[in-house]
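Participant: Provided below are the primary sequence and the corresponding predicted coordinates.
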Amino acid sequence: MRNRIIYTLLFLLSISAVFHSCQNEEGINYKRYYVNGKGIYEKNCQSCHGADGKGLGTLYPPLTDSLYLKQNKNKLACIIKNGQNETIQINNVPFDGNMPANPNLADIDIAQVIVYITNSFGNKQGFYSDQQVLNDLNNCK
Amino acid sequence: MNKILFFTIAAALIQSCTNKSDDRLPILGSREPVEKNVNGKTVVDTIYQTIPPFSYLNQDSIAVTDKDFDGKIYVSDFFFTSCTTICPVMHRNMLNVYNKYKGNPKIKFLSHSIDIKYDLPSRLKKYATKLGVEGNQWEFVHGSRDSIFGIAAKSYLVSAFEDSTDPQGLVHQGWFILVDTKKHLRGAYDGTKENQVKQLMLDIDKLLAEEAANEK
């Protein structure tokens, strides 16, 4: 009797494990991008924008404004790759500093760090592929 | 006989453990003994390293000298405004310390720019304002190449130099140096590490207590 219960439990467990492994590819990619993106963020962005994405005073803008990140999503790749010299408004506060370019980041690195930023600090925008990054970069000003 | 010996050793051991170590902060840097003649007797005294006189321009283009730090406990560091590596982290942490002691007349902050060419007072002012710092409790100073790099290496014991192989051309360490009212070095903390900066605040409190005790 006891054995039967154990076997049933084990059976159910393995069934659920099989189901879980059948996540769609984007779901897996999302997680992979997010984790790798965190590492890229720590290396290239965190010093100024902070571990909590809050920036620093009006020197470095926060990444917690989901509106800006949503409205400018297809500019993010260009900003990350080529830097930013324009004055931008975040929550009605002007930021006129220069953000340095990151020419060494590959398209996939940029996609990963965008997935991390746009799904952290209160943002929830989902997946972004390196193909989308490639398209964005072709349209940089 | 053995028993007595055992107990004496045990007692000595326990004593040595409970003996409170002096919890004053050490005085860092080089020191040299000097022999003095006091009342006909030769006494050996120690001379500790101190911060020598200096004169810089601060963010308001006003001259700032060592005199402005007489009788003050202060924290010193080296940075430059366009640095995107360790400086933002250092000043994010320093801002926490500043906000804790904001308005305390006994505490000051001294940030030396090592970007002699570009970090003129106007630029330092902009930086300070954007960081959220007003007034002159936290001085951001501009000085000549020799005076800044010299005092970094010789007096604050912080390595800072120009390096053409670095992408930004300037290399420096992120130490926060704690200096007491007599201009002795009392502590060095890695300004990029949050736990060390917490220790700095504990040590500032310790120094404040020491000063208060000395005044009595």
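Facilitator: Okay, I see it.
Participant: what's across from B:Lys41 in the sheet?
Facilitator: Beta bridges link B:Lys41 to B:Val38 when assigned by DSSP bridges.
Participant: number of nearby residues for it?
Facilitator: A count of nearby residues for B:Lys41, using other Cβ atoms under 10 Å in any protein chain shown, gives 7. C-beta: built from backbone N, CA, C; applies to glycine.
Participant: can you check B:Asp119 too?
Facilitator: Residues near B:Asp119, counting by other Cβ under 10 Å: 22.
Participant: same question for B:Phe79.
Facilitator: For B:Phe79, the count of nearby residues is 24 (other Cβ under 10 Å).
Participant: contacts only, for it.
Facilitator: By Cβ atoms under 8 Å, 6 or more residues apart in numbering or on different chains, the residues touching B:Phe79 are B:Cys87, B:Met90, B:His91, B:Ser111, B:His112, B:Ser113, B:Ile114, B:His172.
Participant: wait, what's in contact with the fifth one?
Facilitator: Meaning B:His112. Here B:His112 is in contact with B:Tyr56, B:Ser76, B:Asp77, B:Phe78, B:Phe79, B:Val141, B:Gly143, B:Ile148, B:Ile151, B:Ala152 (criterion: Cβ under 8 Å, 6+ apart).
Participant: assumed B:Lys206 was part of a helix.
Facilitator: Yes. Assignment of B:Lys206 by DSSP: H, G, I helix; E, B strand; the rest coil places it within a helix.
Participant: any idea of the pLDDT on it?
Facilitator: pLDDT for B:Lys206: 94.
Participant: now do A:Met1
Facilitator: 70.
Participant: got it, and A:Gly83?
Facilitator: In this model, A:Gly83 carries a pLDDT of 93.
Participant: same question for A:His20.
Facilitator: 66.
Participant: same question, B:Leu5
Facilitator: At B:Leu5, the predicted lDDT confidence score is 68.
Participant: coming back round to it: make TSV out of the contacts of B:His112 and add pLDDT, secondary structure and distance to A:Thr58.
Facilitator: Compiled in TSV, those are given as follows (pLDDT from 0 to 100; DSSP: H, G, I helix; E, B strand; the rest coil; distance: Cβ to Cβ, whole Å):
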residue	pLDDT	secondary structure	distance to A:Thr58
B:Tyr56	96	strand	25
B:Ser76	96	strand	25
B:Asp77	95	strand	21
B:Phe78	94	strand	23
B:Phe79	94	strand	17
B:Val141	96	strand	22
B:Gly143	94	coil	26
B:Ile148	93	helix	26
B:Ile151	92	helix	30
B:Ala152	91	helix	28
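Participant: quick one: which of the residues you listed is most hemmed in?
Facilitator: Result: B:Phe78 is most packed of the contacts of B:His112 (other Cβ under 10 Å), 27 neighbours.
Participant: can I get the host helix or strand of B:Val97 as CSV, trimmed to CA atoms?
Facilitator: B:Val97 is part of helix B:87-101 when elements are defined by DSSP states H and E. Output in CSV follows, covering the C-alpha atoms of helix B:87-101 (Å, rounded to 0.1, in the frame of the first residue of the first chain):
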residue,chain,number,x,y,z
CYS,B,87,33.9,56.9,-9.2
PRO,B,88,30.2,56.7,-9.5
VAL,B,89,30.2,53.8,-7.1
MET,B,90,32.6,55.7,-4.7
HIS,B,91,30.5,58.8,-4.7
ARG,B,92,27.2,56.9,-4.4
ASN,B,93,28.7,55.5,-1.2
MET,B,94,30.3,58.8,-0.1
LEU,B,95,26.9,60.5,-0.5
ASN,B,96,25.5,58.2,2.1
VAL,B,97,28.3,59.2,4.5
TYR,B,98,27.8,62.9,3.6
ASN,B,99,24.0,62.6,4.2
LYS,B,100,24.6,61.0,7.6
TYR,B,101,26.9,63.9,8.8
